[in-house]
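Participant: attaching a predicted model along with its sequence, questions to come.
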Amino acid sequence: MEFLNEYHLSGLFIGICTFLIIGLFHPVVVKAEYYWGTKCWWIFLVLGIGGVAASLCVENILIASLLGVFAFSSFWTIKEVFEQEDRVKKGWFPKNPKRTYKF
């Protein structure tokens, strides 16, 4: 942490980690919708609330920022899971043959 502060790299580090966190959530959305459908939205709600709570409890601004990014990426994933269902409906992504769909 001292290295990042000494060379003013904290912002760059947060940006890189934000990019990686958001990038991690994209395949998670696809897999979650494939295996569980939209029923899994509450998992991301719990993760988001946990991330917010952890962010408020941590004093280190770098870690608190990354927890905040994780939390709001989790909240955004709720929306994406429902949109992923629409993408599957349009045929852009494969259906899970072991699941029954509403459409």
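Facilitator: Done, it's in. Numbering: from 1, shown residues only.

Participant: so who does Tyr34 touch?
Facilitator: Tyr34 is in contact with 88, 93-94, 96, counting by Cβ atoms under 8 Å, 6 or more residues apart in numbering. C-betas here are computed from N, CA, C, even on glycine.

Participant: make it 7 Å
Facilitator: By Cβ atoms under 7 Å, 6 or more residues apart in numbering, the contact list for Tyr34 reads Asn96.

Participant: what of the one 4 residues further on?
Facilitator: Thr38 makes contacts with 81-82, 85, as judged by Cβ under 7 Å, 6+ apart.

Participant: try Cys57
Facilitator: Counted by Cβ under 7 Å, 6+ apart, Cys57 has zero contacts.

Participant: I'd like to know how far it sits from Ala64.
Facilitator: 9 Å (Cβ to Cβ, to the nearest Å).

Participant: ok, now Gly11?
Facilitator: For Gly11 relative to Ala64 (Cβ to Cβ), the value is 14 Å.

Participant: of these two, which one has the most company?
Facilitator: Comparing Gly11 with Ala64 by other Cβ atoms under 10 Å, the one with more neighbours is Ala64, at 15 against 11.

Participant: which elements pack onto the top helix by length along the chain?
Facilitator: Among the segments of the chain that qualify as a helix by DSSP state H, the longest is helix 61-89. Helix 61-89 is packed against helix 10-36, helix 41-57, with contacts defined by 3 or more Cβ pairs under 7 Å, 6 or more residues apart in numbering; DSSP states H and E.

Participant: which parts of it are buried?
Facilitator: The neighbour-count check on helix 61-89 (16 or more other Cβ atoms under 10 Å) flags 62, 65-74, 77-78, 80-81, 84-85, 88 as buried.

Participant: do I have it right that Leu62 meets Ser10?
Facilitator: Yes: under the criterion of Cβ atoms under 7 Å, Leu62 makes contact with Ser10 at 5.8 Å.

Participant: touching both of those two, which residues are there?
Facilitator: Common neighbours of Leu62 and Ser10, using Cβ under 7 Å, 6+ apart, are Leu4.

Participant: re earlier: report the angle between the longest helix of the chain and helix 41-57.
Facilitator: Taking axes from the mean of the first three to the mean of the last three Cα atoms, to 10 degrees, helix 61-89 and helix 41-57 form an angle of 170 degrees between their directions.
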